[in-house]
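>>> pasting the structure only:
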Ligand code: HEM
């Protein structure tokens with residue numbers, strides 16, 4: 001597919017896509033409007049960060065149509081099913097950051113960090129579009145070794161740590177697996193006891209809520225978001241109390257070997273350095289022109305989010321593999 005620069009082409013924003021049921025012809029004409037674009041500026045924190053009704057009349061639940069894309073993240077799938085993200089499942093990083101802040105009250109810094117880390121390896125830096133699931137013509141493609149494969153892509157952002165999805169080696173790493181789901185539901189009740197509010201008649205049963213979220217990717221009726229932005233606060237304390245050194249099995253079961261060079265949730269700088277120097281550079285070894293510029297801009301946005309992360313007391317050095325913009 002060729003991507004042409006055009007100043008007067010129709011907006012290619014997926015927000016303009018119909019809610020469901022795009023025909024093949026709609027898709028083809030949407031692809032024809034794909035354009036080279038300057039990366040959108042990441043949204044800052046919203047002015048109001050309190051609780052509010054999220055499952056409202058403007059955001060009805062509509063299950064995905066046959067061409068709508070969903071993927072490994074129940075959070076993003078839910079936001080798309082309620083129209084906080086384009087229902088087609090293709091979005092810009094700025095749309096994703098706005099949606100997770102709005103729908104789940106995710107804190108601005110962590111929303112930027114996660115979104116740009118995923119976008120740089122799974123999205124298309126030329127068109128500024130990311131598929132929240134499988135690879136799609138709607139994002140446009142780029143030459144190898146770039147993948148532009150959407151969030152389903154294994155091994156660059158998505159990994160083998162899901163509660164409800166299979167490891168990539170075993171098959172489908174992005175759709176909920178019924179066997180894993182049943183194991184989760186059968187786990188001891190202490191893990192998810194019913195919540196009793198003051199009124200004895202109101203019982204929120206976590207398995208029922210979890211089913212709505214994980215299986216249907218739907219907000220519970222009358223869902224209000226958290227009363228303050230949530231981040232990964234406490235992650236350092238949790239990992240300090242229960243240390244798990246990052247590593248991998250050395251080719252067979254029960255051969256877990258610690259990787260001393262790996263980044264971790266208590267060492268965000270190493271996480272950032274390895275991500276940029278290894279993962280991103282492998283996908284984009286020698287970009288030129290607009291691709292180089294847009295990669296540099298997006299990596300800048302990723303770097304800017306680092307100091308906001310919990311436990312980030314050390315200032316990481318900024319890496320410029322594609323120059324400074
Ligand atoms: C900020 C942008 C976000 C991106 C780019 C993103 C992306 C992803 C990806 C790629 C996975 C699969 C991980 C893996 O298999 O290794 C995942 C899993 C998950 N995401 Fe998100 N996510 C985002 C925000 C959210 C939000 C706001 C929520 C909801 C509260 C959420 C909830 C989850 C959960 C619970 C899982 C684990 C699913 C499981 O273990 O079966 N995510 N996310």
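Yep, that arrived. Keep in mind that what you see is a predicted model, and the values were worked out from it rather than measured. Residues are numbered from 1 along each chain as shown.

>>> give me the residue from this structure nearest the ligand.
Closest contact between the chain and the ligand, by C-beta to the nearest ligand atom, is at residue 75 (2.2 Å). (C-beta placed from N, C-alpha, C; glycine too.)

>>> Let me see the contact set for that residue.
By C-beta atoms under 8 Å, 6 or more residues apart in numbering, the contact set of residue 75 is 100, 104.

>>> is it true that it lies in a helix?
Yes - counting by DSSP: H, G, I helix; E, B strand; the rest coil, residue 75 is located in a helix.

>>> Quick check: it vs residue 230, distance?
Distance, residue 75 to residue 230, using C-beta to C-beta, to the nearest Å: 12 Å.

>>> One more: residue 253?
From residue 253 over to residue 230 (counting by C-beta to C-beta), the distance is 36 Å.

>>> tell me the contacts of the nearest residue to residue 246 once chain neighbours are set aside?
Excluding its sequence neighbours, the residue lying closest to residue 246 (C-beta to C-beta, 6 or more residues apart in numbering) is residue 262, at 3.9 Å. Contacts here follow C-beta under 8 Å, 6+ apart; on that basis residue 262 touches 246-247, 270, 274.

>>> Would you list the buried entries among those?
Buried subset of the contacts of residue 262 (neighbour count, 16 or more other C-beta atoms under 10 Å): residue 274.

>>> can you tell me which of the contacts of residue 262 are in strands?
Mapping those onto strands (DSSP state E) picks out residue 247.

>>> Which residues of the stretch 1-150 of the chain lie near the ligand?
72-76, 96, 100, 104, 106, 111, 114-115, 118 (C-beta under 6 Å from any ligand atom).

>>> Now distance to residue 88 too, for these, in TSV please.
TSV is the format used below for those (distance: C-beta to C-beta, whole Å):
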residue	distance to residue 88
72	17
73	16
74	18
75	17
76	13
96	14
100	18
104	20
106	22
111	21
114	21
115	18
118	18
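
>>> any idea which of those has the most stuff around it?
Sorting those by how many neighbours each has (other C-beta atoms under 10 Å) puts residue 115 first, at 28 neighbours.

>>> That residue: helix or strand, and which one exactly?
helix 108-122 (DSSP states H and E).

>>> list the helices and strands that helix packs on?
Packing partners of helix 108-122 (3 or more C-beta pairs under 8 Å, 6 or more residues apart in numbering; DSSP states H and E): helix 93-104, strand 130-131, helix 289-305.

>>> Burial-wise, tell me which of those comes out on top.
Comparing those on average neighbours per residue, with mean count of other C-beta atoms under 10 Å, the densest one is strand 130-131 at a mean of 27.

>>> I'd like the average pLDDT over that one.
The average pLDDT within strand 130-131 is 98.

>>> partner strands of that strand, parallel or antiparallel?
strand 90-91 (antiparallel) (DSSP bridges).

>>> Report the distance from the strand it pairs with to the chain centre.
Relative to its chain's centre, strand 90-91 lies at 11 Å (C-alpha atoms, centre = their mean, to the nearest Å).

>>> what does it contact?
Looking at what lies outside strand 90-91 - C-beta under 8 Å, 6+ apart - the contacts are 14, 17, 69, 85, 99, 129-132, 136, 138-139.

>>> Find the residue closest to residue 145 in space, skipping its chain neighbours.
residue 283 (5.8 Å).
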